[in-house]
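**Student:** Everything below, folded, please.
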Amino acid sequence: MPSAEYRDAIVETSDEGIACTKAICNYIHATYARFPSTIDAMHLMWFIQAHHLDLDFYEKYFKAGACGTTHLTHRERWHA
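**Tutor:** Sure thing, here's the model as predicted:
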């Protein structure tokens, strides 16, 4: 898939959607003392991605634009 086609298909997540997701994740962690609760995090590739990109790696080895705005602003949006 061409990069432009991929980027054009990206759906932006609303602030309400992010708040809801954070609440669910915090509930799971508070209830089960781990996240995810019932499966090893590295097996999540079939369900979701629950790890952080090494942005310095992408900056060093990939062309500009390899990481979208979602990746670049993840820490400030989710971990502030």
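**Student:** can you give me the strands for this protein?
**Tutor:** Taking DSSP state E, the chain contains no strands at all.
**Student:** Run through it and note the low-pLDDT ranges.
**Tutor:** Within the chain, the stretches with pLDDT under 70 are 1, 42-51.
**Student:** What is the longest helix seen in it packed up against?
**Tutor:** Across the chain, the longest stretch assigned as helix under DSSP state H is helix 15-32. If contacts are counted by 3 or more CB pairs under 8 Å, 6 or more residues apart in numbering; DSSP states H and E, helix 15-32 sits against helix 74-78. Every residue, glycine included, has its C-beta placed from N, CA and C.
**Student:** Packing partners of the helix it packs on?
**Tutor:** By 3+ CB pairs under 8 Å, 6+ apart, helix 74-78 packs against helix 15-32.
**Student:** to the chain's geometric centre, what's the distance from the helix it packs on?
**Tutor:** For helix 15-32, the separation from the chain centroid amounts to 13 Å (computed by CA atoms, centre = their mean, to the nearest Å).
**Student:** what's in contact with that helix?
**Tutor:** If you take CB atoms under 8 Å, 6 or more residues apart in numbering as the criterion, helix 15-32 is touched by 13, 35-38, 77-78.
**Student:** Next, the buried residues of the longest helix of the chain.
**Tutor:** By neighbour count with 16 or more other CB atoms under 10 Å, helix 15-32 contains no buried residues.
**Student:** Report the backbone C-alpha coordinates of it in PDB.
**Tutor:** Extracted in PDB, the C-alpha atoms of helix 15-32 (Å, rounded to 0.1, in the frame of the first residue of the first chain):
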ATOM      1  CA  ASP A  15     -10.400  13.000  23.100                       C
ATOM      2  CA  GLU A  16     -13.400  11.200  24.500                       C
ATOM      3  CA  GLY A  17     -12.200   8.000  22.900                       C
ATOM      4  CA  ILE A  18      -8.800   8.400  24.400                       C
ATOM      5  CA  ALA A  19     -10.300   9.100  27.800                       C
ATOM      6  CA  CYS A  20     -12.400   6.000  27.600                       C
ATOM      7  CA  THR A  21      -9.500   3.800  26.500                       C
ATOM      8  CA  LYS A  22      -7.400   5.100  29.400                       C
ATOM      9  CA  ALA A  23     -10.100   4.500  31.900                       C
ATOM     10  CA  ILE A  24     -10.500   0.800  30.700                       C
ATOM     11  CA  CYS A  25      -6.700   0.300  30.700                       C
ATOM     12  CA  ASN A  26      -6.400   1.800  34.200                       C
ATOM     13  CA  TYR A  27      -9.300  -0.400  35.500                       C
ATOM     14  CA  ILE A  28      -7.700  -3.500  34.100                       C
ATOM     15  CA  HIS A  29      -4.300  -2.600  35.700                       C
ATOM     16  CA  ALA A  30      -5.900  -1.700  39.000                       C
ATOM     17  CA  THR A  31      -8.000  -4.800  39.100                       C
ATOM     18  CA  TYR A  32      -5.400  -7.400  38.000                       C
END
